[in-house]
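Student: Mind looking at a prediction? Sequence and model below.
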Amino acid sequence: MPPRSEVDGAAFEPRRSVRMAAPALGLGLGLGLAIFAFYFLVYRARHYPLPVGFDAPWYVWRAETVAATGLSQAGTAVRPGHPLLSAVLGSVTGRSQLELQVMLSLDLVAVLALAVAAFFRAAFGGGAWGWAITVGVTGTFVGATRLVGENIANLLFLGLAAAAAAALARRVEGRPGWTAAVVLMVAAGVSHWIFLGLLGAILALTAALAIPESRRQLGSGVPLGQTESGLVASAFAAAAATMAVVIAGLLRAPFQTFEVRENPNRYIPKLRTDTFRLFLPLSAPLGLAGAWTLARPRRAEPRFGLRLLLAWTAASVVGIPVMVATRALPPHRFLEFWVGLPGVVLVSAAIVRGAEWLRAHGRKALGWATAVAGIAATGAIGGLAWYSHGPGVWISPTALREARTAAVYVGGLPAGRPFVFLVSPLGKAGGISVPFKEHTIRVALPPDHQSDAHFYVGDPSDLLAGRRSLTGGPSDRATVRYWEDVRAVLPAHPPVLIVRALAVRAYQDAVGPLGAPVIGPGVALLQGTPPRTPLPAEPLPQAVPPVRFGVPWGLALLGLLLVAGAGWSVALLGADAPAEVLVGVAPALGAAVLILGGLVAAELDVHPGAGGGVALYVLLTVAGAALAWGSLRSGRTGA
């Protein structure tokens with residue numbers, strides 16, 4: 001397909017876009033910082049001492065372990081995208097993984113917003129004006145979903161997928177982007193490969209919707225692989241084939257990655273709650289207006305963007321009721337998946353087109369006011385949900401302090417020596433309380449002892465007798481995997497520790513009738529050799545930096561991602577790409593190359609933490625810059 005010579009009426013000049021990237025770069029970083037601060041200030045407002053979100057400890061312990069030991073410890077080979085990325089950034093910045101869970105999780109919202117805006121710019125035009133509005137709308141509106149502060153792997157996946165959509169929009173128009181799309185989709189798959197299947201279904205439907213256009217292209221002599229259907233299908237096929245090799249060959253991990261399954265009876269209430277938070281009386285009319293404006297042709301252009309939105313919407317409309325009926329996956333994940341790209345694009349389109357119309361009719365001030373009012377409206381929806389109904393802090397500071405004290409004892413055990421933590425089956429998380437307690441303990445454990453940890457759910461007397469504790473309720477089904485794991489090590493009489501905050505009654509029984517020694521504040525040793533002297537209480541680590549430090553660190557992390565991806569963006573999308581597309585895709589591409597580079601390094605036994613992460617970051621950033629410089633020097637515009 002021959003490349004287009006014009007976009008939005010302006011002739012392409014490869015070096016001109018690079019020179020003009022500075023204003024877009026400054027605006028992108030400014031908007032990204034505003035998005036970060038929009039969410040980060042909840043820690044000050046609510047006085048949160050630890051990262052928010054039920055899954056926060058899961059992300060923290062995996063990132064700490066991957067940074068120190070690579071992908072060799074238990075469970076770290078499953079969906080390693082986030083821990084690899086966080087490990088590298090922790091190495092470069094020197095920040096702890098608890099701090100990065102606070103800051104990086106919010107910076108990923110800005111990465112998503114910039115990537116969605118790049119897709120809007122590449123597929124629907126709108127110039128810098130439309131791009132900036134879309135960043136603002138996306139960055140604030142997704143606060144009404146569980147993507148922010150909760151489903152971090154989904155957020156990372158969606159940001160990479162949105163950037164891949166922007167790259168495909170470029171390639172369908174005859175410009176470079178195919179390789180960038182494949183790289184981004186592979187990194188998205190490493191982050192959450194279950195949802196890569198959903199993205200594949202969306203792209204397959206997109207390719208099917210493009211068949212009439214592709215047949216016309218075939219008739220005009222365009223090779224099949226260069227038609228719109230061929231480009232979309234081949235990009236995903238390449239990504240899927242690569243992911244199959246990565247999962248089965250490199251990671252040797254299961255394709256099914258859901259470790260913790262929530263009670264399906266909560267699916268409908270969560271879906272209802274999440275739908276309510278979108279404030280449909282305002283957002284639905286805006287979305288419908290946006291759909292109407294995008295459906296009206298504005299210029300001779302491929303309709304890839306519209307077809308992708310239609311396919312994405314169809315997959316969500318079908319997926320939500322199917323998940324409600326089958327309970328295979330939480331249906332609210334499909335809702336947030338739709339809101340995170342088609343939903344925000346449609347709302348943005350309504351605001352952008354309305355503001356454009358006013359400006360075109362000589363009412364520039366009113367056009368600006370419309371844009372500001374639109375972003376303020378989405379900000380009110382997302383802000384109300386985030387500050388009033390956000391995920392909150394699930395990690396108990398007391399439990400974390402006691403677990404850190406117990407971890408001092410564990411650190412004195414020989415590597416490879418199994419040990420057991422006894423926890424109670426119930427808690428504030430209901431049927432999934434035990435996995436949450438496990439993850440809280442793992443945050444405190446030394447990284448090289450993660451594979452030695454086992455967990456017994458129940459009473460101390462049952463453990464000493466070598467039998468399983470049964471409650472006769474649904475928790476028995478939820479904890480059977482823990483029993484299957486721990487029963488193999490119990491005959492060897494491993495050390496058994498009890499953290500009081502995670503098993504209050506069991507702790508009392510152990511130190512009372514059973515006479516277990518207290519080896520540190522809130523820590524009992526039910527079985528094993530006690531230390532010579534009691535362990536001192538471990539302090540609670542600093543996880544939430546003050547605002548005066550946290551906001552600059554948020555900007556620094558976003559800047560690191562953008563710098564890492566800037567050269568790759570120019571090299572793979574072409575220097576003739578609009579500056580907003582280059583800047584918008586760069587942070588996602590930076591994350592992608594750090595994830596994939598970290599994966600390769602881990603397979604070569606180079607741990608992404610400490611000096612290894614710094615070297616990896618410098619190597620990948622310099623490589624991207626060299627490729628960009630080479631493409632500019634040779635006049636090539638990407639691949």
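Tutor: Thanks, I have it.

Student: Below-threshold pLDDT in this protein: ranges please.
Tutor: In the predicted model, the chain carries pLDDT under 70 at residues 1-20, 255-263, 297-302, 635-639.

Student: Nearest to the spatial middle of it, which residue is it?
Tutor: The chain has Leu156 as the residue nearest its centroid, 2.5 Å off, counting by C-alpha atoms, centre = their mean.

Student: So that residue sits against Gly81, correct?
Tutor: Yes. With contact defined as C-beta atoms under 8 Å, Leu156 counts as touching Gly81 (6.0 Å). To be clear about C-beta, it is placed using only N, CA and C from the backbone, and glycine gets the same treatment.

Student: shared neighbours of the two, anything?
Tutor: Shared contacts of Leu156 and Gly81 (C-beta atoms under 8 Å, 6 or more residues apart in numbering): 188, 191-192.

Student: Mind putting the residues you listed into CSV with distance to Ser433?
Tutor: CSV is the format used below for these (distance: C-beta to C-beta, whole Å):
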residue, distance to Ser433
Ala188, 31
Ser191, 26
His192, 24
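
Student: These in helices, which ones?
Tutor: 188, 191 (DSSP state H).

Student: Tell me the one among the shared contacts of Leu156 and Gly81 nearest to Pro223.
Tutor: The closest of the shared contacts of Leu156 and Gly81 to Pro223 turns out to be Ala188 (C-beta to C-beta; 27.4 Å).

Student: measure the closest one to Ala524 for me?
Tutor: From Ala188 across to Ala524, the span is 44 Å (C-beta to C-beta, to the nearest Å).

Student: so where does the residue nearest to the centre of the chain fall, helix or strand?
Tutor: helix 152-172 (DSSP states H and E).

Student: what distance separates that helix from the middle of the whole chain?
Tutor: Computed by C-alpha atoms, centre = their mean, to the nearest Å, the chain-centroid distance of helix 152-172 equals 12 Å.

Student: Could you do stretch 461-468 as well?
Tutor: Per C-alpha atoms, centre = their mean, the displacement of stretch 461-468 from the mean C-alpha position of its chain is 40 Å.

Student: got it, and stretch 273-280?
Tutor: Remark: stretch 273-280 is offset 22 Å from the chain centroid, using C-alpha atoms, centre = their mean.

Student: contact partners of it?
Tutor: Contact with stretch 273-280 is made by 144-146, 332, 335-336, 339, 343, 381, 384-385, 389, as judged by C-beta under 8 Å, 6+ apart.

Student: Out of those, who's the most crowded?
Tutor: Gly343 (30 neighbours; other C-beta atoms under 10 Å).

Student: The residue of the chain most remote from its centre: helix or strand, and which one exactly?
Tutor: Ranked by distance from the centre of the chain (C-alpha atoms, centre = their mean), the top residue is Pro513, with 46.9 Å. If you go by DSSP H and E, Pro513 is not part of any helix or strand.

Student: Ala68 and Ser451, how far apart?
Tutor: Distance of Ala68 to Ser451, computed by C-beta to C-beta: 13 Å.

Student: what does Leu384 give?
Tutor: 43 Å.

Student: Tyr617 now?
Tutor: Here Tyr617 is placed at a distance of 27 Å from Ser451 (C-beta to C-beta).

Student: more neighbours, these two?
Tutor: The neighbour comparison of Tyr617 against Ser451 (other C-beta under 10 Å) goes to Tyr617, with 24 against 17.

Student: Against Ala628, how distant is the more buried one?
Tutor: Distance from Tyr617 to Ala628, by C-beta to C-beta: 17 Å.

Student: do the same with Leu540
Tutor: Separation of Leu540 from Ala628 (C-beta to C-beta): 44 Å.

Student: the more surrounded of the two?
Tutor: Just comparing Leu540 and Ala628: by other C-beta under 10 Å the higher neighbour count belongs to Ala628, 22 against 14.

Student: Enumerate every residue touching Pro587.
Tutor: 32, 110-111, 114-115, 159, 558, 561-562, 565.

Student: Could you find the closest non-adjacent residue to it?
Tutor: Excluding its sequence neighbours, the residue lying closest to Pro587 (C-beta to C-beta, 6 or more residues apart in numbering) is Leu561, at 4.1 Å.

Student: Tell me if I'm right that Leu445 and Ser451 touch.
Tutor: No. Using C-beta under 8 Å as the test, Leu445 is too far from Ser451 to be in contact (10.2 Å).

Student: buried residues in the strand or helix carrying Val345?
Tutor: Per DSSP H and E: Val345 is located in helix 344-360. Residues of helix 344-360 classed as buried by neighbour count (16 or more other C-beta atoms under 10 Å): 344-356, 358-359.

Student: Stretch 526-542: how far from the chain's middle?
Tutor: 35 Å.

Student: residues in contact with that stretch?
Tutor: With contacts defined as C-beta under 8 Å, 6+ apart, stretch 526-542 is touched by 49, 96, 98-99, 397, 400-401, 404-405, 407-409, 412, 419-420, 422, 444, 460, 463-464, 493-498, 510, 514, 516-523.

Student: Look at that stretch and report the distance between its end residues.
Tutor: 30 Å (C-alpha to C-alpha, to the nearest Å).

Student: How about it, which residues are buried there?
Tutor: By neighbour count on 16+ other C-beta under 10 Å, the buried set for stretch 526-542 is 526-528, 530, 535, 538, 541.

Student: again, but for stretch 510-522
Tutor: Within stretch 510-522, the residues that count as buried by 16+ other C-beta under 10 Å are 510-511, 514, 516, 518-520, 522.

Student: how long is it from one end to the other?
Tutor: End-to-end distance for stretch 510-522: 12 Å, by C-alpha to C-alpha.

Student: roughly how far is it from the heart of the chain?
Tutor: 41 Å.

Student: With stretch 334-342 instead?
Tutor: Its chain's C-alpha centre and that of stretch 334-342 lie 14 Å apart, by C-alpha atoms, centre = their mean.
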